[in-house]
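Engineer: got a predicted model here, sequence first, then my questions.
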Amino acid sequence: MPLLKFLGSQPGRVTRALAGLALIGTGLFAIRGTGGMVLAGVGLLPLAAGVFDFCLLAPLFGMPFLGPKFRQIAGVR
């Protein structure tokens, strides 16, 4: 649960977005080819999760998918 609380917080959102950008950049500029494109595509998921404020792991633990509702229930600031 501490991981979910971090991911639902503002620093967690920023971390997810930055991780997504890192994956996209690595895929497009360092790896290249099909593997790089796949990695860049995978990087879109954490980028979108951070930018649009949702958490894919939360429903696996019975928590809401959307950030504001998750923070309300989990007591995250």
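Structural biologist: Perfect, I can see it now.
Engineer: only C-alpha atoms for contact and neighbour calcs from this point on.
Structural biologist: Fine.
Engineer: give the buried residues for stretch 44-53.
Structural biologist: Leu44, Leu45, Pro46, Leu47, Ala48, Ala49, Gly50, Asp53 (16 or more other C-alpha atoms under 10 Å).
Engineer: kindly report the same for stretch 69-77.
Structural biologist: In stretch 69-77, counting by 16+ other C-alpha under 10 Å, buried: Phe70, Arg71, Val76.
Engineer: hey, which helix is longest across this structure?
Structural biologist: helix 33-52 (DSSP state H).
Engineer: so what touches that helix?
Structural biologist: 12-30, 55-56 (C-alpha atoms under 8 Å, 6 or more residues apart in numbering).
Engineer: output that helix in CSV with nothing but the alpha carbons.
Structural biologist: Provided in CSV are the C-alpha atoms of helix 33-52 (Å, rounded to 0.1, in the frame of the first residue of the first chain):
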residue,chain,number,x,y,z
GLY,A,33,14.4,-0.6,-34.5
THR,A,34,11.4,-2.6,-33.5
GLY,A,35,12.5,-3.1,-29.9
GLY,A,36,12.9,0.6,-29.5
MET,A,37,9.4,1.3,-30.9
VAL,A,38,7.9,-1.3,-28.5
LEU,A,39,9.7,0.3,-25.6
ALA,A,40,8.6,3.8,-26.7
GLY,A,41,5.0,2.4,-26.9
VAL,A,42,5.2,1.0,-23.4
GLY,A,43,6.5,4.4,-22.2
LEU,A,44,3.3,6.0,-23.3
LEU,A,45,1.4,4.2,-20.5
PRO,A,46,3.2,5.7,-17.5
LEU,A,47,3.4,9.0,-19.2
ALA,A,48,-0.4,9.0,-19.7
ALA,A,49,-1.0,7.8,-16.2
GLY,A,50,1.0,10.6,-14.7
VAL,A,51,-0.4,13.3,-17.0
PHE,A,52,-4.0,12.3,-16.8
